[in-house]
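Trainee: prediction below, plus the sequence it came from.
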Amino acid sequence: MTDVDGALKQAMTSIEGAIGAALVDYNSGMALGVLDGAGGLDLNIAAAGNTDVVRAKMRTMDMLGLQDGIEDILITLSSQYHLIRPLTGRTGKGLFLYLALDRGRANLAMARHQLTRIEADMEV
């Protein structure tokens, strides 16, 4: 099992094109851990803003009566991908992994696959 810092470091070093990673509590909007690279992103601001995205999607699913879980949320910018992955383990309830990628260097399918593996190995 990997701790939060180890999981974020693994995301930044093993996922091609990663420019920032964070573990976020979407109840409070606070980043519990951040690791930024050359992207220049303020991951604390990103954590708070993406908390609104997760809350809105969960609220919408509730209003629609969908009894499904969110695997991940993808936000595509002209130069970046932003992946939001709510944790599914019992200790990760209310948390999500956030990963920002350089679109020109990243392989989105591989990034999603690796983020899934990192989540499975992470202990919160």
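Mentor: Now that the structure is in, tell me what you want to look at. The structure displayed is predicted, hence computed values, not measured ones.

Trainee: identify the residue nearest the residue nearest the centre of the chain in space, chain neighbours excluded?
Mentor: Nearest to the mean C-alpha position of the chain, counting by Cα atoms, centre = their mean, stands residue 98 at 2.0 Å. What sits nearest to residue 98 in space, not counting adjacent residues and going by Cβ to Cβ, 6 or more residues apart in numbering, is residue 22, at 4.5 Å. Every C-beta, even on glycine, is put in place using the N, C-alpha and C of the backbone.

Trainee: re the thing from before, right, and the residue nearest to the centre of the chain touches residue 86 too?
Mentor: No. Look at residue 98 against residue 86 with Cβ atoms under 8 Å: they stay out of range, at 10.3 Å.

Trainee: so where do the strands sit in the protein?
Mentor: Here the chain has its strands, by DSSP state E, at 18-25, 30-36, 73-76, 80-86, 95-102.

Trainee: and the gap between the residue nearest to residue 73 when sequence neighbours are not counted and residue 53?
Mentor: Using Cβ to Cβ, 6+ apart and skipping the chain neighbours, the partner closest in space to residue 73 is residue 84 (4.1 Å). Using Cβ to Cβ, to the nearest Å, residue 84 is found at 6 Å from residue 53.

Trainee: more neighbours: which of these two?
Mentor: Neighbour totals were compared for residue 84 and residue 53, and residue 84 leads with 22 against 16 (other Cβ atoms under 10 Å).

Trainee: for the more buried one, report the pLDDT, please.
Mentor: What the model reports as pLDDT for residue 84 is 97.

Trainee: ok so, going back, the residue nearest to residue 73 pairs with what?
Mentor: Taking DSSP bridges as the rule, residue 84 bridges to residue 73, residue 98.

Trainee: doesn't residue 98 make contact with it?
Mentor: Yes. Contact criterion Cβ under 8 Å: residue 84 and residue 98 qualify, at 5.6 Å.
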